[in-house]
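[1] Here is a sequence together with a model predicted from it:
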Amino acid sequence: MKRSERIVAMTHHFKENPRKLISLPYFVDSFQAAKSSVSEDIDIIDEMFQSLGIGRIETTAGASGGVRYIPDFNHNQSRQFIDRLIHVLEDSKRILPGGYVYMSDVLGDYNYIREIGKVFGAAFKDVDLDYIVTVATKGIPLAYAVAEVLNVPVVIIRRDPKVTEGSTVSINYVSGSSRKIQTMALAKRSIQEDSNVLLIDDFMKAGGTIKGMENLMQEFNATVKGIAVLAEAEDEDEERRVEDYVSLLKIQEVNERSGAIKVVTGNYFNS
């Protein structure tokens, strides 16, 4: 195999297996190449990843060592995407009764979801995670997009337990928007005890749902290593129940009468 062909194949393997430790002998055996040649190939790939702002190759020394691809999305690329998202969401036709903003089309668009996954993946690329946890239903595509970047499984919390999931753990929580008592449940076999999790949701107002997710994770002795929300609402009348989180967007104003929507960048670049 020519070097150019080998580099293409190795690049594909890294992109398909982010954050997975791969031993050098694996590449040596797969491509029937000398270890020194494989090392040079990896240096070339690493240099190109970094120049494009899409990640780096991390090397671990020792008998059990190897190399792994750490995905990234540089700040310039993230800013450009978030600005584009703001432009899309500030369309007055998106205003819904009650002062909400229609975002279902964005959450259903693969191109948007893939970019959101890259942006959040960059924020948590160095965090040791076992699961991405979200609550049904609109957070599901976000969770899978981030999981693809970070190479970890997705766990979905339900508001109505499914009989096909077996025995569940349920808790009651206070919804931040409606102030009503609601229930969320998770199958007992979904998460192993003492796991590290990242919580993801599409929208946060007062943070009642996220707080409920945190409380549910305590039932599994899981450690919440981070919280990511696509959009947060700016509501001065309601106390925020969650403080340590990362948001891409902040919806500052939704005026049904004038048809004005004001969306700004969230706290992503402050985290």
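    Yes, it's here.
[2] all strands for the protein, in order.
    Listed in chain order, the strands of the chain (DSSP state E) span 55-60, 66-71, 95-96, 100-101, 131-135, 154-157, 168-174, 181-187, 196-204, 223-233, 246-255, 260-265.
[3] Single out the most deeply packed of these.
    strand 131-135 (a mean of 26; mean count of other Cβ atoms under 10 Å). All C-beta atoms are positioned from the backbone trio N, CA, C, and that covers glycine.
[4] tell me the pLDDT at the closest residue in space to Leu198 that isn't next to it in sequence?
    Among residues not flanking Leu198 along the chain, Gly226 sits closest, at 4.8 Å (Cβ to Cβ, 6 or more residues apart in numbering). pLDDT recorded at Gly226 is 98.
[5] quick one on the thing from earlier: distance to Asp43 for the strands of the chain - can I get that in a markdown table?
    Putting the strands of the chain into a markdown table (distance: least, Cβ to Cβ, whole Å) gives the following:
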| stretch | distance to Asp43 |
| --- | --- |
| strand 55-60 | 8 |
| strand 66-71 | 10 |
| strand 95-96 | 52 |
| strand 100-101 | 46 |
| strand 131-135 | 31 |
| strand 154-157 | 34 |
| strand 168-174 | 48 |
| strand 181-187 | 44 |
| strand 196-204 | 31 |
| strand 223-233 | 31 |
| strand 246-255 | 32 |
| strand 260-265 | 36 |
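[6] tell me the residue furthest from the middle of this protein?
    In the chain, counting by Cα atoms, centre = their mean, Ala34 sits farthest out from the average C-alpha position, at 37.5 Å.
[7] returning to that earlier point: to Val38, which of the strands of the chain lies closest?
    Closest to Val38 of the strands of the chain is strand 66-71 (Cβ to Cβ; 9.4 Å).
[8] Please consider this matter closed, and thank you.
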